[in-house]
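**Q** coordinates only, sequence not included:
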């Protein structure tokens, strides 16, 4: 029996790891996105050559959610708050603004990947509420 096993792509895990590394080093994480990909929701006036580079620093975004299928956050563009949706297959790379260290991804990584369920589109996905990195326990007196 020659059964093909579909394993999850490494891209979402690498994006989260590099994001954390960049932030931990007080650098600015930039996300390069293929703005022509399906279900990408970004400000079109900032797209150049079919791509957009987004500052995803925690100080520049609100309600950031990095899931295995998409990245979602709100950000201000020209003083106007906008909801940003980036499916992971549209992420071309993540790097630090200050030194360009980071990673760019194989554009064919998702070619043969078949998720068990089709990822929700931005219009019917509800972001998870932002949670502080604090333990869920409270000291009672």
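**A** Arrived safely. Model, not experiment: these values are computed from the prediction. Residues are numbered from 1 along each chain as shown.
**Q** Dead centre of this protein: give me the residue that sits there.
**A** residue 71 (3.3 Å; CA atoms, centre = their mean).
**Q** Show me what it bridges to in the sheet.
**A** residue 66, residue 86 (DSSP bridges).
**Q** residue contacts, it?
**A** 15, 31, 56, 64-65, 84-86, 88, 91 (CB atoms under 8 Å, 6 or more residues apart in numbering). Any C-beta I mention is one placed from the backbone N, CA and C, and that applies to glycine too.
**Q** go on, residue 40?
**A** Applying CB under 8 Å, 6+ apart, the residues contacting residue 40 are 33-34, 85-87, 90.
**Q** what number of residues lie near residue 94?
**A** Using other CB atoms under 10 Å, residue 94 is surrounded by 26 other residues.
**Q** I'd guess it is in a helix, am I close?
**A** No. Remark: residue 94 does not belong to a helix; assigned using DSSP: H, G, I helix; E, B strand; the rest coil, it is strand.
**Q** Now do the contacts for it.
**A** So residue 94 contacts 14-15, 18-19, 22, 29-32, 56, 102-103 (CB under 8 Å, 6+ apart).
**Q** try 7 Å
**A** Applying CB atoms under 7 Å, 6 or more residues apart in numbering to residue 94 gives the contacts 15, 18-19, 29, 31, 102-103.
**Q** again with residue 73
**A** Shown in contact with residue 73 (CB under 7 Å, 6+ apart): 56, 61-65, 84.
**Q** And for residue 55?
**A** Counted by CB under 7 Å, 6+ apart, residue 55 has contacts 28, 30.
**Q** can we see that at 8 Å?
**A** By CB under 8 Å, 6+ apart, the contact list for residue 55 reads 28-30, 61, 75, 97.
**Q** Tell me what residue 33 is bridged to.
**A** With DSSP bridges as the criterion, residue 33 is bridged to residue 52, residue 91.
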